[in-house]
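**Student:** Whatever this is, show me its structure:
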Amino acid sequence: MMTACEWAGPEKIYIDYHNTEWGVPEYDSRALWEKLILDGFQAGLSWITILKKRDAFREAFEGFDPNIIAEWGEQDVQRLLGNAGIIRHRGKIEAAITNAKAWQRIEADIGFDKFMWNYVGGSPIQNKFEKQSDVPPKTELSEKVSKDLKKAGFKFCGPTIVYAWMEACGLVNDHLVGCPRHAVVAGMARVDPAKEA
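**Tutor:** A predicted model of the protein is given here:
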């Protein structure tokens, strides 16, 4: 059982998430947005709370289709506030709608995936942390990304949320070096052809 990253466990849902999903480079624009929204909902809570509610979130949020969510209004906010399967927080729900509109603008401009991956030159940052206490809660880069997202109209995207999201989506590989997933995830990275030339 791979649990070298100290946070992964003891519950099976957490271990499975660590062993199959966390840190895997995510290149799909919509999926990147979904994970950012979920990280925003996680603010002030534990990630396992979100994991356990993720299916209910996906159902309530129409599969996290930003083009649908961008059209939502107060009636939809009220509907979601009555849904016990998700985190019922007005500010976070309204932020998801605002963030869907912001995603649409970036997607139409250069693509949300390209916008995000440009911060790391198209290829994940491969960190080599040996213990969990070495892993920072935020970095200069996550502060810059957070600032730029806010400038683009996003909410609930502070530097700590952004860094957790960058780890989850594999823009940075923060599996500990002793974790069997570190090398596996590193091997999944796309290499920018321009860098190889």
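**Student:** Could you give the average pLDDT over the helix or strand where Phe41 lies?
**Tutor:** Following DSSP states H and E, one finds Phe41 within helix 29-42. On average, the pLDDT along helix 29-42 is 96.
**Student:** same check, this time on stretch 182-197
**Tutor:** 72.
**Student:** about what we covered before: and the helix holding Phe41, what does it pack onto?
**Tutor:** Here helix 29-42 touches helix 47-60, helix 90-109, helix 112-117, helix 159-168, going by 3 or more Cβ pairs under 8 Å, 6 or more residues apart in numbering; DSSP states H and E. The C-beta positions use only the backbone N, C-alpha and C, and glycine is treated the same way.
**Student:** Whichever helix or strand comes after the last one - which strands sit beside it in the sheet, and in what orientation?
**Tutor:** Stepping forward along the backbone from helix 159-168, the first helix or strand reached (DSSP H and E) is strand 172-173. Strand 172-173 sits in its sheet next to strand 125-126 (parallel), going by DSSP bridges.
**Student:** if we can go back for a sec, closest to Pro137 out of the helices and strands packed on helix 29-42?
**Tutor:** Checking these against Pro137 by Cβ to Cβ gives helix 159-168 as the closest, at 5.2 Å.
**Student:** hang on, the earlier thing: for Ala70, which of the helices and strands packed on helix 29-42 is the nearest?
**Tutor:** Closest among these, using Cβ to Cβ: helix 90-109, at 3.9 Å.
**Student:** elements contacting the closest one?
**Tutor:** helix 29-42, helix 66-69, helix 74-81, helix 112-117.
**Student:** what mean pLDDT does it have?
**Tutor:** 98.
**Student:** can you check stretch 152-161 too?
**Tutor:** pLDDT averaged over stretch 152-161 gives 96.
**Student:** now that stretch, how far from the chain's geometric center?
**Tutor:** 11 Å (Cα atoms, centre = their mean, to the nearest Å).
**Student:** give me the number of residues near Asp65?
**Tutor:** 13 (other Cβ atoms under 10 Å).
**Student:** Thanks a lot, catch you later.
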